[in-house]
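**Q** Based on what follows, work out the 3D shape:
(one chain, ligands or ions: 1)
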Amino acid sequence: MSQLSEREERVKWFQADRFGMFIHWGLYAIPAKGEWVRNAEEIKAEDYCPLMEEFSVKNYDPKKWAKLAKQAKQAGMKYAVLTAKHHDGFCLFDSKLTDFTSMYAPCKRDLVREFLNAFRAEGLKVGLYYSLLDWNHPDYPHYGDWHHPMRRNEEYKEKNHNFENYLKYMHGQVEELMTNYGKIDIIWFDFSYGEMRAEKWRAEELMKMVRKHQPHIICDNRLEGSGESSGSIKTANPTSYAGDFISPEQMIPPHNLVNELGMAVPWEACITLNLHWGYNSEDKRYKSAQMIIRTLVECVSKGGNLLVNIGPNALGEIPEESCKILEEVGNWMKVNGESIYHCGAADLEKPEWGRWTKNGKYLYAHIFEEQVGAICLKGLKNKIKRIRRLSDLSEIKESDYWNLMEYRENSFFHLYPSMTCSYPLPDEKDTVVRIELREI
Ligand code: GLC
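**A** Predicted coordinates for the structure are as follows:
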């Protein structure tokens, strides 16, 4: 099987599931200013590492994690990805290669294992995020690196770093994750920059090892780095470490993503609920449930997935605001999930009132904008078998009201059976109408 068709096989479940949860959790929840705090404030290791002595995650117990998993499931999420190690180097798992782990914090627990158990028990697929950067490892470049907290600290100017040593450590830790925890569905490497990319990570060997232990696993594209490079996922011959999906961050691509042959490439946008990945106690700028729903629809309408982040606090609790948003999203998903799961792009122009998603003979009209009268289905004249409101499967008829006569090349409908209007929308977040196409 060619590399591209192997990828197609691997990502089948991923492209059907469409919606996942990202979890950024670590020591940085204590300073509570997001996961880049060590970089932003140029904090020395001796001032950062002691945070570990406080990492008791007092309110974190397997039942809480199960609740978290349930919450994800109720929100309609089908998979979840947890930060096993972020850039600060602190590990939420039992690594034999360092003491800088949750096993040596007061909680003395393998938080990754408990996450995996709880989420699997709820029937969710599981993924692990692993940072390629490591601001705690002595052999990771310090002075002059683009991102290291000590990048400008003259004390480190003359220090030598044995990068090979770091690679051994990094490969070793990934192997621990790939061998000690059963089936892992996603490995999410983060990230490449400048020369720190691709073979600098010994990426080919790394992926070979990963796939040896977890042949089915899917991987993001950040080992590779830029989408424009010669072996990237967007080329006709991607490298073995180019990844299975593109990972746009804090933005939604303006169009479907394709490779240089014009073939669709799987992608997953990851976004935060407020403005930070890691817990930030001051950041109350949360997105609305409506915005999350519409963003999810936008991703699916362009053939992509959405990974929505939560940042639990130092006690192991998810912020109340995040729970509320996920609950609302879940209420919408319960009714409208059919228009998301197993769906993709519709190959139709974006309509004025919202977006299209499609699954086989079913087209889903996601109506975001109220329309004065009839809703126009451009270019669908004579192609429609039935129209149903997705929330109750009640009948909607194609309309031939007198004021539409001049626009006959299109099909139209009104949202309400006995009225010639389409407002107010029954669900202002997104009213979904299912259009069954005629088999031609
Ligand atoms: C980034 C950031 C990071 C976050 C991530 C999520 O590259 O460094 O803090 O974990 O992307 O996509």
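**Q** ok, which stretches of the protein are helices?
**A** Assigned by DSSP state H, the helices in the chain fall at 3-10, 12-17, 37-40, 45-48, 62-74, 111-121, 163-179, 203-213, 289-301, 320-336.
**Q** any chance you could map the strands in this structure?
**A** Using DSSP state E, the strands of the chain run over 19-23, 79-85, 125-131, 186-190, 218-219, 267-272, 304-310, 354-359, 362-367, 375-377, 384-389, 395-396, 411-413, 431-437.
**Q** which one of those is the most hemmed in?
**A** Ranked by mean neighbour count, these are led by strand 79-85 with a mean of 27 (mean count of other CB atoms under 10 Å). Just so you know, the C-beta spots here come from the backbone N, C-alpha and C atoms, and that holds for glycine as well.
**Q** Let me know the pLDDT of Ser226.
**A** Reported pLDDT at Ser226 in the predicted model: 65.
**Q** Quick one: the helices of the chain as CSV, columns for mean pLDDT too.
**A** CSV is the format used below for these (pLDDT from 0 to 100):
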stretch, mean pLDDT
helix 3-10, 87
helix 12-17, 98
helix 37-40, 97
helix 45-48, 96
helix 62-74, 83
helix 111-121, 95
helix 163-179, 98
helix 203-213, 98
helix 289-301, 98
helix 320-336, 95
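**Q** List the contacts of His414.
**A** Gly373, Ala374, Ile375, Ile396, Ser399, Tyr401, Thr420, Cys421, Ser422 (CB atoms under 8 Å, 6 or more residues apart in numbering).
**Q** Give the bridge partners for the residue lying closest to Ser339 once chain neighbours are set aside, please.
**A** Computed as CB to CB, 6 or more residues apart in numbering, the closest residue to Ser339 that is not its neighbour in sequence is Tyr364, at 3.7 Å. Following DSSP bridges, Tyr364 is listed with bridge partners Thr357, Arg434.
**Q** residue contacts, Tyr364?
**A** Glu338, Ser339, Cys343, Trp356, Thr357, Lys358, Leu390, Val432, Val433, Arg434, Ile435.
**Q** Next one: the fourth one from Leu124, what distance?
**A** When distances are taken as CB to CB, to the nearest Å, Trp356 and Leu124 turn out to be 28 Å apart.
**Q** The last one too?
**A** Between Ile435 and Leu124 the computed distance is 31 Å (CB to CB).
**Q** Residue numbers of the stretch 101-250 of the chain in contact with the ligand?
**A** Residues of the stretch 101-250 of the chain lying near the ligand by CB under 6 Å from any ligand atom: Asp190, Phe191, Glu249.
**Q** dump the residue contacts of the closest residue to the second one other than its chain neighbours.
**A** Excluding the flanking residues, the one nearest Phe191 by CB to CB, 6+ apart is Arg222, at 4.5 Å. When contacts are counted by CB under 8 Å, 6+ apart, Arg222 touches Leu132, Trp188, Phe189, Asp190, Phe191, Ser192, Gly243, Ser247.
**Q** what residue lies at the spatial centre of the protein?
**A** Leu307 (2.1 Å; CA atoms, centre = their mean).
**Q** ok, that residue - contacts?
**A** Neighbouring residues of Leu307 by CB under 8 Å, 6+ apart: Gly20, Met21, Phe22, Val81, Glu268, Ala269, Cys270, Ile271.
**Q** I'd like the distance between it and Ser192.
**A** Going from Leu307 to Ser192 by CB to CB gives 19 Å.
**Q** swap in Ala242?
**A** Per CB to CB, Ala242 is found 12 Å from Ser192.
**Q** Settle it for me: which of the two has more neighbours?
**A** Ala242 (26 against 21; other CB atoms under 10 Å).
**Q** rewinding a little: residues shared between the contacts of Ala242 and Ser192?
**A** With CB under 8 Å, 6+ apart, Ala242 and Ser192 have common neighbours Leu223, Glu224.
**Q** so where's the stretch 301-440 of the chain uncertain?
**A** Within the stretch 301-440 of the chain, the segments meeting pLDDT under 70 span 440.
**Q** Indicate the residue of it located nearest to the ligand.
**A** Here the residue of the stretch 301-440 of the chain nearest the ligand is Asn309; by CB to the nearest ligand atom that distance is 7.4 Å.
**Q** Could I get the contacting residues of the residue of the stretch 51-200 of the chain found nearest the ligand?
**A** Residue nearest to the ligand within the stretch 51-200 of the chain: Phe191 (4.3 Å; CB to the nearest ligand atom). Shown in contact with Phe191 (CB under 8 Å, 6+ apart): Ser131, Leu132, Leu133, Arg222.
**Q** Would you mind naming the residues that bridge with Asn280?
**A** With DSSP bridges as the rule, Asn280 is bridged to Lys33.
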